[in-house]
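1. kindly return the folded structure for what I paste below:
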Amino acid sequence: MESRPKRSHTVTINNIEPRRDVAGEIIDAHDGCLQFFNGRFYLYGTAYGKTDGLTNNAFHVYSSPDLERWTLEGVLLKERPVGFYFRPYVVFNPNTRKYVLWYNWNPNPKEWSGRAGAAISDTPVGPFTIVNSNVQLACTNPGDGSLFVDDDGTGYYIYTAMDMGYTVRVERLTPDYLGSSGEKSGIVALGVEAPLLFRRNNLYYIMVGELCASCPVGAEAHVGISTSPLGPFSLVSNINRRPDSGPDMFTQTTTNKFSRPTKAPAIPAQETWVAKIPMSGGPAFIWMADLWGSARDGVMGHDLQYWSPPLKFNPDNNGILPVENVLQWDITWAASPTRFSHPEVIAVGNFLAAPKFTQPDPAKGNNLAWLLATSPEATNRDGVLAVKLAESACQQTRFRTAILVGTLAAAYAEAGRFDDAIATAQKACKLASESGKQDLLKKNQELLELYRKHQPYHEAPARPSDSLNH
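-> Below is the predicted model:
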């Protein structure tokens, strides 16, 4: 196990490159949570690997002393029924001294029949033993859910009921956190998923977003507040909505209904957790969200996860101010003078904000990217923008469309990123071959040889029919 941070230690939180463990492997932990137990951080999540997400997924846990050096501790559930597994959340029960894991799973690959499961362990890294694979809740088909433990040790589960119009409720748990006490809130929201619940001072916050089944466009993040974990909640803000999208007209504050996906997130990500980070003046709250379809190699297990700088709260209505698309930011740790084993944040800063960029339709973005990468006129070419547009198109289609992946390879070549161009062109060839598109395969093979010579592809003015996008 790594040594603890020195008395002053700065870590860069990077949102544009894959996080890696101490062995150099990309961290595969999605739609889960980040917890702080006994002076160490634990990142829990679903490991998707090279699957499409609808398979017998595993749950991984990583640990770190400083959010930089991550160690893969192993698989949480080693003995479990076959099914689709999502959204692992772990909390510590101060009454039983056990670590409790809740998760969502579906035992039937042909029929979406969600269940909530509960498991326990003596340690935060498991392995966890399943106690109840079908926790009885107020609905019969639960979907996304997450855990919350109040300051008095009472546990709660906030979840989406798929069989009730994707309504969200909060249920108080039994003292051992292994079941519902039967005490529940009213309907918190309708037509949403990825619900979260946390406490700041004397207020309870819920966050929900529109339906986003691994969608690369992401989902907005609506915020409600209450003086009770069981509500009622009043909607006060939307922290992941593009400013140029106008007012949030899709929320009805009297019913908390969200009528349809708004598709206007500022950050193309779906929320998964709000983590509490220790600071001398009180905890900082970090918004975590999965950037589905963001992996450059198209592997779902390599998709990135966005970690925001500490959230800012509106003093007027206690809502949360909008998050910004920050590419990276620094966090400086210092050992507590009274508890050396308990690191604290002493500073955050050096934010590098991302340039404003709206994801276009994949087909339109692809065509513009091809022009910017391959135009015969040098004044029309822009490799950097071509890469951004082509990556966006591929992310939205999960890198499964040969013609879009071929355009991305051409964009990489124009930007001088020939190693990326070669690897991407090889993937385009594979996709074209698998889809039986021989002409497209032949064209990509020709371009691959060009990239291997470290040469970009530029169309000839007299032969526009040579275009990969013709």
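
2. centroid residue for the chain?
-> What sits nearest the mean C-alpha location of the chain, by C-alpha atoms, centre = their mean, is Asp290, with 1.0 Å.

3. now that one: how far from Ala161?
-> In this view, Asp290 and Ala161 are 22 Å apart by C-beta to C-beta, to the nearest Å. The C-beta positions use only the backbone N, C-alpha and C, and glycine is treated the same way.

4. one more: Pro362?
-> Distance from Pro362 to Ala161, by C-beta to C-beta: 32 Å.

5. any idea how far Val125 is from Leu372?
-> Distance from Leu372 to Val125, by C-beta to C-beta: 47 Å.

6. which of these two has more neighbours?
-> Taking other C-beta atoms under 10 Å, Leu372 and Val125 do not tie; Leu372 has more neighbours (24 against 21).

7. buried residues in the host helix or strand of that one?
-> For Leu372, the element it lies in under DSSP states H and E is helix 362-374. Going by neighbour count (16 or more other C-beta atoms under 10 Å), the buried part of helix 362-374 is Pro362, Gly365, Asn366, Asn367, Leu368, Ala369, Trp370, Leu371, Leu372, Ala373, Thr374.

8. check stretch 311-324 too.
-> Buried residues in stretch 311-324 (16+ other C-beta under 10 Å): Leu311, Phe313, Asn318, Gly319, Ile320, Pro322, Val323.

9. distance from it to the middle of the chain?
-> Here stretch 311-324 shows a centroid-to-chain-centroid distance of 21 Å under the convention C-alpha atoms, centre = their mean, to the nearest Å.

10. got the contact list for stretch 408-425?
-> If you take C-beta atoms under 8 Å, 6 or more residues apart in numbering as the criterion, stretch 408-425 is touched by 296-297, 369-370, 372-374, 381, 383-384, 386-387, 389-391, 393-394, 405-406, 427-428, 444, 447-448, 450-452, 454-457, 468.

11. what stretches of the stretch 251-400 of the chain score poorly on pLDDT?
-> The stretch 251-400 of the chain contains residues with pLDDT under 70 at 251-263, 280, 334-360.

12. swap in 90 and give it another go.
-> Where the stretch 251-400 of the chain drops to pLDDT under 90, the residues are 251-266, 268, 277-284, 293-294, 296-298, 315-318, 324-369, 371, 376-400.

13. now the helices for it?
-> 362-374, 383-396 (DSSP state H, counting those that start in this stretch).

14. could you dump those helices to TSV with distance to Asn238?
-> Formatted as TSV, the helices of the stretch 251-400 of the chain follow (distance: least, C-beta to C-beta, whole Å):
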stretch	distance to Asn238
helix 362-374	25
helix 383-396	22
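
15. so which of the ones you listed gets nearest Pro243?
-> Distance to Pro243, taken as C-beta to C-beta, is lowest for helix 383-396 among the helices of the stretch 251-400 of the chain, at 19.4 Å.

16. out of the helices of the stretch 251-400 of the chain, nearest to Arg172?
-> Per C-beta to C-beta, nearest to Arg172 of those: helix 383-396, 39.3 Å.

17. can you give me the angle the closest one makes with helix 362-374?
-> 150 degrees (axes from the mean of the first three to the mean of the last three C-alpha atoms, to 10 degrees).

18. give the buried residues for the longest helix belonging to the chain.
-> Looking across the chain with DSSP state H, the single longest helix is helix 418-434. Neighbour-count burial for helix 418-434, counted by 16+ other C-beta under 10 Å, picks out 418, 420-429, 431-432.

19. ok now it, how far from the chain's centre?
-> 26 Å.

20. after that helix comes which helix or strand?
-> Past helix 418-434, the next helix or strand by DSSP H and E is helix 438-452.

21. what's that next one packed up against?
-> Counting contacts by 3 or more C-beta pairs under 8 Å, 6 or more residues apart in numbering; DSSP states H and E, helix 438-452 is packed against helix 402-414, helix 418-434.

22. returning to what we had before: ok, so of the buried residues of helix 362-374, who is nearest Tyr89?
-> Nearest member of those to Tyr89, counting by C-beta to C-beta, is Pro362, at 33.0 Å.

23. domain ranges for this protein?
-> Listed domain ranges for the chain are 9-353, 362-466 (source: automatic domain parsing).

24. could I have stretch 50-62 exported to PDB, CA atoms only?
-> Extracted C-alpha coordinates of stretch 50-62, given in PDB (Å, rounded to 0.1, in the frame of the first residue of the first chain):
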ATOM      1  CA  LYS A  50     -15.000  -4.300 -23.800                       C
ATOM      2  CA  THR A  51     -18.700  -5.100 -23.400                       C
ATOM      3  CA  ASP A  52     -21.700  -3.000 -24.500                       C
ATOM      4  CA  GLY A  53     -22.800  -2.700 -20.900                       C
ATOM      5  CA  LEU A  54     -25.600  -5.300 -21.200                       C
ATOM      6  CA  THR A  55     -23.700  -8.300 -19.900                       C
ATOM      7  CA  ASN A  56     -22.600 -10.000 -16.600                       C
ATOM      8  CA  ASN A  57     -20.700  -6.900 -15.400                       C
ATOM      9  CA  ALA A  58     -18.400  -6.900 -12.400                       C
ATOM     10  CA  PHE A  59     -18.100  -4.300  -9.600                       C
ATOM     11  CA  HIS A  60     -14.600  -2.900  -9.000                       C
ATOM     12  CA  VAL A  61     -13.100  -1.000  -6.100                       C
ATOM     13  CA  TYR A  62     -10.000   1.100  -6.100                       C
END
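
25. if I look at Phe460, how far off is Thr332?
-> To be clear, residue 460 is Ala; Phe isn't right here. Counting by C-beta to C-beta, the gap from Ala460 to Thr332 is 54 Å.

26. ok, now Ile422?
-> Applying C-beta to C-beta to Ile422 and Thr332 gives a distance of 39 Å.

27. again, but for Phe41
-> Using C-beta to C-beta, Phe41 is found at 16 Å from Thr332.

28. kindly report the same for Asp382.
-> Asp382 sits 37 Å away from Thr332, going by C-beta to C-beta.

29. which one's more surrounded, these two?
-> A direct count of neighbours by other C-beta under 10 Å for Asp382 and Thr332 places Asp382 higher, at 19 against 16.

30. contacting residues around the more buried one?
-> Leu372.

31. ramachandran coordinates for it?
-> Main-chain dihedrals, Asp382, degrees, to the nearest 10: phi -150, psi 100.

32. gap between it and Ala393?
-> Per C-beta to C-beta, Asp382 is found 16 Å from Ala393.

33. please enumerate the strands of the stretch 251-400 of the chain.
-> With strands called from DSSP state E, counting those that start in this stretch, the stretch 251-400 of the chain shows them at 251-252, 257-258, 270-277, 284-291, 304-307, 326-335, 343-353.

34. which helices and strands does the fifth one pack with?
-> Judged by 3+ C-beta pairs under 8 Å, 6+ apart, the packing partners of strand 304-307 are strand 284-291.

35. which secondary structure elements does the strand it packs on contact?
-> So strand 284-291, by 3+ C-beta pairs under 8 Å, 6+ apart, packs with strand 30-37, strand 270-277, strand 304-307.

36. pull the residues that contact it.
-> 15, 30-31, 33-34, 198, 200, 216, 218, 221, 239-240, 267-277, 303-311, 323, 345, 348.

37. give the pairing partners of that strand; include direction for each.
-> Sheet pairing for strand 284-291, assigned by DSSP bridges, gives strand 270-277 (antiparallel), strand 304-307 (antiparallel).
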